[in-house]
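1. Predicted model, plus sequence, below.
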Amino acid sequence: MKVIETKLPGVLIIEPKVFGDHRGFFLETFQVERYREAGIDLPFVQDNHSRSQRGVLRGLHFQKTRPQGKLVSVTRGAVYDVAVDIDPASPTCGQYVGVELNDENHRQLWVPPGYAHGFCVLSDVADFCYKCTDLYFPEDESGLLWNDPEVGIPWPIDTPQLSAKDQRNPSLRKLLER
């Protein structure tokens, strides 16, 4: 597999080796030794799978006291996936990495614990899969405003479909004041 470092500490783009022929393809979506060598050395405790339609934007989410690392990929369709550094002590606080993940490039994004994460759907439908390093605790969940102008994410959709909760997420400035 190819591991691509990004401008955010620990955030990695992973391009698995794909073996294909006229019958289809095969790839490893996770192999503990290879991922450990790439710097992903936390145990995964939960796998999630979501399906969304074109224009849905989910995020930007994180857990406050039990942060989850996430190894994310798309098994059907295409998404624009984003990680945002929300650590006030980090020199890259407020910066983001965005990458298209789809069922043709088979890319994965490693989002270490402590980052806000979200995605928007670019295809008619997308199946989004992710491995998490901690369990989901609804009472610990928080978020960052998807279109915070200080972060400046250039989402590739104009009018996203958002949950009521995601519409109310605070800006980075308000989040850091807490």
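-> Looks like it arrived, so ask away.
2. any idea which helix or strand carries the residue nearest the centre of the chain?
-> By C-alpha atoms, centre = their mean, the chain has its centre lying nearest to residue 117, at 4.7 Å. Per DSSP states H and E, residue 117 falls inside strand 115-121.
3. after that strand comes which helix or strand?
-> strand 125-132.
4. Describe which strands that next one pairs with in its sheet and in which direction.
-> Take DSSP bridges as the rule and strand 125-132 pairs in its sheet with strand 46-53 (antiparallel), strand 70-76 (antiparallel).
5. for stretch 63-79, the distance to its chain's centre please.
-> 4 Å (C-alpha atoms, centre = their mean, to the nearest Å).
6. Buried residues of that stretch, list them for me.
-> Using 16 or more other C-beta atoms under 10 Å as the test for burial, stretch 63-79 gives 63, 67, 68, 69, 70, 71, 72, 73, 74, 77, 78, 79. Any C-beta I mention is one placed from the backbone N, CA and C, and that applies to glycine too.
7. closest to residue 110 among those?
-> Closest to residue 110 out of the buried residues of stretch 63-79 is residue 71 (5.4 Å), distances taken as C-beta to C-beta.
8. Please tell me how far the closest one sits from residue 9.
-> Per C-beta to C-beta, to the nearest Å, residue 71 is found 17 Å from residue 9.
9. can you give me the helices for this protein?
-> Ranges of helices in the chain, per DSSP state H, are 32-37, 164-167, 172-177.
10. Residue 14: which of those helices is closest?
-> helix 32-37 (8.0 Å).
11. how many neighbours does residue 1 have?
-> Applying other C-beta atoms under 10 Å, we find 16 residues neighbouring residue 1.
12. so who does it touch?
-> 14, 15, 16, 17, 28, 34, 38 (C-beta atoms under 8 Å, 6 or more residues apart in numbering).
13. what's the burial count for the closest residue to the second one other than its chain neighbours?
-> Just to be clear, that refers to residue 15. What sits nearest to residue 15 in space, not counting adjacent residues and going by C-beta to C-beta, 6 or more residues apart in numbering, is residue 2, at 4.2 Å. Using other C-beta under 10 Å, residue 2 has 10 neighbouring residues.
14. Locate the residue of the chain with the greatest distance from its centre.
-> Largest centre distance within the chain, by C-alpha atoms, centre = their mean: residue 22, 31.4 Å.
15. and of the helices of the chain, who's closest to residue 93?
-> Nearest to residue 93, of all the helices of the chain, is helix 172-177, at 7.8 Å by C-beta to C-beta.
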